[in-house]
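>>> Following is a predicted model, sequence given first.
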Protein chains: 2
Amino acid sequence: MQMTDCAACPLQKRRMFLPFTPEEIAFMRAFKTGEAVVRPGETLLAQGERSERLYTVLEGFATRSIQLEDGRRQVVNFVFPGDFLGLQAGIMGEMRHSVQATTPMRVCIFQRSRLWDLFRDKPDRAYDLTWLAAVEEHFLGETIATLGQRDATERVAWALARIWQRLSALGEITPDGVALPFRQHELADALGLSKVHTSRTVSQLRALGLLVWRRGRLNMPDPARLFALAGLPMEREEQRPLI
Amino acid sequence: MQMTDCAACPLQKRRMFLPFTPEEIAFMRAFKTGEAVVRPGETLLAQGERSERLYTVLEGFATRSIQLEDGRRQVVNFVFPGDFLGLQAGIMGEMRHSVQATTPMRVCIFQRSRLWDLFRDKPDRAYDLTWLAAVEEHFLGETIATLGQRDATERVAWALARIWQRLSALGEITPDGVALPFRQHELADALGLSKVHTSRTVSQLRALGLLVWRRGRLNMPDPARLFALAGLPMEREEQRPLI
DNA sequence: CGACCTGTTGAACCAACTCAATTTAGGTGG
DNA sequence: CCACCTAAATTGAGTTGGTTCAACAGGTCG
């Protein structure tokens, strides 16, 4: 398999990411040790595993999820192009959640053993990594607030608004909306709702004219109203570093 | 006010923290710019604020919470001695949650502007900081799984087990249990339950002989059963770095 | 002592769940 | 192109876990 050169990283074309400096390109080239293709349904990182690899998503979508002892599953969040995976195993030794592809994916591979070099030699890259971790922490906190305080309608609105936001930041938006890579089943698992109730809630939002979601395409006739219901501001997210 | 010298840091006595190397002591001494006392109920960091300060908790307990637009409040997690506060504002610019003291606290103060120096000059300290962020991320994920999947009984068991675990790692445990610095009200806000139902659930656990909780003291007659109900392993947590 | 805060208990209600049946949409092979 | 199969989504009906409202008990403190 041929490996994409970091100088030509396809993610760099998306304006949601900060551009690499020439120095960063040189470093990332050395840091990157490979590339992989993942098929839908495959597990990229498994809960409990001590992975030696870290990944950056080049293309495709996934879920991060936690499996409880008795089989119940919670989707912790959704994974998009540009996301960095495996920091937990990289730093803590063991993954506490799994990452499963929902669409075909392409990922960059890094070696866990080189993570320390990054901290030692490239403080700016280390800072960026911590930046990503801090942003992640913020999202997880928001998720906790959503699961703890909001009702089904608000939860669904929130999740779809967040996904919409991220997809449009990636430039995946067209006049008839975005391609939604997740199923209601995954949405339900992410929101702590049953599939049935998720379906009912979605149709309710549809009936209110707040969304059109058919055959994997999502559109929002009136984003402002949906975002308001979701308790989210409509601002564009700031650019984020890429690792 | 007199300032504790890092060489005599009271947290170092607790065996849950990795001991400082002499070099680390030297660095922390320079990094630390002050100390503060906080009274119960005071807000140490406020949601939306661009704090110039970072803190490490020396003593006392707090909650991190998110306030929704309409006033609903979600406790994201509980804060214990040794916790590092303000990374979000430090890195992302703005706090997305508040930190409120529930008991009197004593905290170390650092300057946000020096955070970058830490990455540039002390990669090992930067690594530790990221380690803390990764652990935090793991806990938040577990919280999401709890709120999304577990019922009231399991949630309460989980929260009390986690608090118990942390307090005993801090060495705060005596033959008649631990001093619990939080009220049922805060527990309810952390678990997404009403106060009333939290109370009922606690009494149910009491009736099962799984816990004794009166006047701010918590004891667990049979920790193994409670931990099993909480879906948690009983292992001791590994030592963590201190910043 | 009164005021306040924390926690407990009862009763009525409702949001979300479960179980089960049905429809819709893709995908595959003849 | 149709027949068939499977996965995803929808709908109905009955149940339940948790909520709300309200009253009350126990401790603590000025």
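Good, I have the coordinates.

>>> alpha carbons only for contacts and neighbour counts from here, please
OK.

>>> Next to DNA strand D, which bits of chain A? Give me the list.
Counting by CA under 7 Å from any atom of the strand, the residues of chain A close to DNA strand D are A:183, A:184, A:185, A:195, A:196, A:197, A:199, A:200, A:202, A:203, A:216.

>>> Out of those, which one has the lowest pLDDT?
Lowest in pLDDT among the residues of chain A next to DNA strand D is residue A:216, which has 93.

>>> list the contacts for that residue?
A:179, A:180, A:181, A:182, A:183 (CA atoms under 8 Å, 6 or more residues apart in numbering or on different chains).

>>> Please narrow the residues you listed to those residing in strands.
The strands, defined by DSSP state E, take in residue A:179 from the contacts of residue A:216.

>>> out of the contacts of residue A:216, who's nearest residue B:133?
residue A:182 (28.0 Å; CA to CA).

>>> Next one: the closest one from residue A:84, what distance?
19 Å (CA to CA, to the nearest Å).

>>> With neighbour numbers in mind, choose between these two.
Per other CA atoms under 10 Å in any protein chain shown, whichever of residue A:182 and residue A:84 has more neighbours is residue A:84, with 20 against 16.

>>> circling back: return the members of the residues of chain A next to DNA strand D classed as buried.
For these, a burial check counting by 16 or more other CA atoms under 10 Å in any protein chain shown picks out A:195, A:199, A:202, A:203.

>>> Distance to chain B and secondary structure for those - can I get that in JSON lines?
As requested, these are exported to JSON lines (distance: CA to the nearest CA, whole Å; DSSP: H, G, I helix; E, B strand; the rest coil):
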{"residue": "A:195", "distance to chain B": "13", "secondary structure": "helix"}
{"residue": "A:199", "distance to chain B": "17", "secondary structure": "helix"}
{"residue": "A:202", "distance to chain B": "18", "secondary structure": "helix"}
{"residue": "A:203", "distance to chain B": "22", "secondary structure": "helix"}
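
>>> excluding its backbone neighbours, what's nearest the residue sitting nearest the centre point of chain A?
With distances taken as CA atoms, centre = their mean, residue A:79 lies nearest the centre of chain A, 2.3 Å away. In this structure, residue A:79 finds its nearest non-sequential neighbour in residue A:62, 4.8 Å apart by CA to CA, 6 or more residues apart in numbering or on different chains.

>>> pretty sure that neighbour is touching residue A:102, no?
Yes. Using CA atoms under 8 Å, residue A:62 is in contact with residue A:102, at 4.9 Å.

>>> More neighbours: which of the two?
Using other CA under 10 Å, the more surrounded residue of residue A:62 and residue A:102 is residue A:62, with 26 against 22.

>>> re earlier: which two of the residues of chain A next to DNA strand D have the greatest separation?
Between all members of the residues of chain A next to DNA strand D, the farthest pair (by CA to CA) comes out as A:197 and A:216, at 19.0 Å.

>>> What are the boundaries of the helices in chain A?
Ranges of helices within chain A are A:22-31, A:87-92, A:115-121, A:123-149, A:152-169, A:184-191, A:195-207, A:223-230, based on DSSP state H.

>>> elements contacting the helix or strand of chain A with the lowest mean pLDDT?
Every helix and strand of chain A was ranked by mean pLDDT, DSSP states H and E. The lowest is helix A:87-92, at a mean of 92. Secondary-structure packing of helix A:87-92 (3 or more CA pairs under 8 Å, 6 or more residues apart in numbering or on different chains; DSSP states H and E): strand A:53-59, helix B:123-149.

>>> I'd like these laid out as a markdown table, including mean neighbour count.
Conversion of the helices and strands packed on helix A:87-92 to a markdown table gives the following (neighbours: other CA atoms under 10 Å in any protein chain shown):
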| stretch | mean neighbour count |
| --- | --- |
| strand A:53-59 | 22 |
| helix B:123-149 | 22 |
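
>>> Same list (the ones you listed) but as CSV, adding mean pLDDT.
Output for the helices and strands packed on helix A:87-92, formatted as CSV (pLDDT from 0 to 100):
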stretch, mean pLDDT
strand A:53-59, 97
helix B:123-149, 97
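
>>> Same list, the ones you listed, but as a markdown table with distance to residue A:208 please.
Shown next, in a markdown table, are the helices and strands packed on helix A:87-92 (distance: least, CA to CA, whole Å):
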| stretch | distance to residue A:208 |
| --- | --- |
| strand A:53-59 | 33 |
| helix B:123-149 | 26 |
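
>>> Distance check, residue A:44 against DNA strand D.
Residue A:44 sits 19 Å away from DNA strand D when distances are taken as CA to the nearest atom of the strand, to the nearest Å.

>>> quick one: contacts for that residue?
Residue A:44 touches A:38, A:98, A:99, A:100, A:101, counting by CA under 8 Å, 6+ apart.

>>> domain parsing for chain A?
Following automatic domain parsing, one gets these domains for chain A: A:6-122, A:144-230.

>>> what about residue A:70, neighbour count?
For residue A:70, using other CA under 10 Å, the count is 7.

>>> Count the residues that sit near residue A:238.
When counting by other CA under 10 Å, one arrives at 11 neighbours for residue A:238.

>>> and the gap between the nearest residue to it once chain neighbours are set aside and residue A:82?
Once flanking residues are discounted, residue A:238 sits nearest to residue A:16: 7.2 Å by CA to CA, 6+ apart. Residue A:16 is 9 Å from residue A:82, where distance means CA to CA.

>>> Likewise for residue A:97?
19 Å.

>>> hang on, the earlier thing: quick one: the residue nearest to residue A:238 and chain B, what's the gap?
16 Å (CA to the nearest CA, to the nearest Å).

>>> Perfect, that will be all.
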